[in-house]
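*Asks:* pasting the sequence and the predicted coordinates here, then a few questions.
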Amino acid sequence: MGMAAGAAAMAAAAGVAGSGKTEMPQAGGRFRRIRQLGEGGFGKVWLAMDTNLGRTVAIKLAHAPDAEAEERMLREARALASIRHPNCVRVYDLVNEGEGLAIVMEYIEGRSLSEVISQDGLLDDVMAARLWVTMAGALNAAHSKGVLHRDMKPSNVIVDDDAIAHLIDFGIARKRGDSTLTAAGFMLGTPDFIAPEVAAGKSASPASDAWQLAATINYALSGQPPRGDQGDPASALLAAARGGGELHLPEKSAHRAMLAAALQPDPSRRPTLGTIEREVGTWLSRGGFKQDGPVTTMIHKSQLAKTRVAPPKPQPTPPQAAPTQKTPGSNPLGDETKRVDEHRRPPHPGRPGPTPTRKF
């Protein structure tokens, strides 16, 4: 049995059967924690070393004060284990880590898309199109298993050292038909990036995931969510539930029309993720760009030494030569003539040049 299949079988075995729950395998000190990566409503995420296999992993530990919290973590493991896509984080195992259940996941070293935008600036049309196509494919892979992400947003996209985007954090992923609200009445999702119908209390759907992906692409191109900055979560949720209103779209992007369509308040009028993949992918191909690959111009750390430019070495002062008589056709400057750009720094490997401005 392969690793992914084994994880799926392990997750399935963790389900509730009858009145009792199947015991999880004990980690037994197998995972040595290195540092905390994050913390949320469902627990802490740690970078750890799998001492059995000698690889770094991310471990999500559950704070499961009740059966609902534990069931949601089991659901996350099942959802992740069932998805096969190169841009989705992989689940390796589900174990009992002493403090409770722990999902052992692939560790992706990099920065969130929100950090990339904040630190490096906005994406251009080509990079945004590539991001849109790859994330649409990742969500489609999840939807094909009946799994909705429900919290698509810039901080849930990790850009690795090779500038490849990965969809992470299915912590609130649920099968279609599951409730939108927790038992405590809290809305699942992030107000700035939540689809209007979900904010209004309707069930999530593939169309709502598609809206949230379009909102993420809008952020990558404009630096703000499509409804603008509402100031606080309550105001953002109210604006989302009202729907409609003016959209804050990127001014000069070739994707403006497609974004306007994908951010329609009526789910039935939005293009499907399959349509997004096809149309945006065709736009890339016509411009001579690959549909997969880097979504930013980040430089891999292994290339940093190669791209650094050493300062020019000081040149010795040439000796003073005795004046010579010029002859017809000779260079009056002699050996002093140099290329004026001899010591210029090479171009910075920064953002790509102008991108196609074709509209869909």
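*Replies:* Alright, I've got the coordinates.

*Asks:* roughly how far does Thr124 sit from Thr296?
*Replies:* Actually, residue 124 is Asp rather than Thr. With distances taken as CB to CB, to the nearest Å, Asp124 is found 10 Å from Thr296. (Each C-beta comes from the backbone N, C-alpha and C, glycine too.)

*Asks:* so between those two, which is more surrounded?
*Replies:* Neighbour totals were compared for Asp124 and Thr296, and Thr296 leads with 22 against 19 (other CB atoms under 10 Å).

*Asks:* residues contacting that one?
*Replies:* Val116, Asp120, Leu123, Met127, Val159, Ala163 (CB atoms under 8 Å, 6 or more residues apart in numbering).

*Asks:* what about the second one, how many residues close to it?
*Replies:* Each residue near Asp120 was counted by other CB under 10 Å, and the total is 15.

*Asks:* grab the nearest non-local neighbour of it.
*Replies:* Thr296 (6.7 Å; CB to CB, 6 or more residues apart in numbering).

*Asks:* quick one: the one you found is in a helix?
*Replies:* No. According to DSSP: H, G, I helix; E, B strand; the rest coil, Thr296 belongs to no helix; its state is coil.

*Asks:* ok, the closest residue to Asp160 other than its chain neighbours to Thr272 distance?
*Replies:* Among residues not flanking Asp160 along the chain, Gly110 sits closest, at 3.9 Å (CB to CB, 6+ apart). Using CB to CB, one obtains 29 Å as the distance from Gly110 to Thr272.

*Asks:* can you pick out the residue with more neighbours from these two?
*Replies:* Counted by other CB under 10 Å, Gly110 and Thr272 do not tie: Gly110 has more neighbours, with 18 against 15.

*Asks:* that one contacts Ile168, doesn't it?
*Replies:* No. Look at Gly110 against Ile168 with CB atoms under 8 Å: they stay out of range, at 10.1 Å.

*Asks:* overlap in contacts of those two?
*Replies:* Common neighbours of Gly110 and Ile168, counting by CB under 8 Å, 6+ apart, are Ile158.

*Asks:* pull out the buried residues from the longest strand anywhere in the chain.
*Replies:* Under DSSP state E, the strand in the chain containing the largest number of residues is strand 31-40. Neighbour counts over strand 31-40 (16 or more other CB atoms under 10 Å) mark Phe31 as buried.

*Asks:* now for that strand, which elements pack on it?
*Replies:* Contact analysis of strand 31-40 by 3 or more CB pairs under 8 Å, 6 or more residues apart in numbering; DSSP states H and E lists strand 43-50, strand 55-62 as its packing neighbours.
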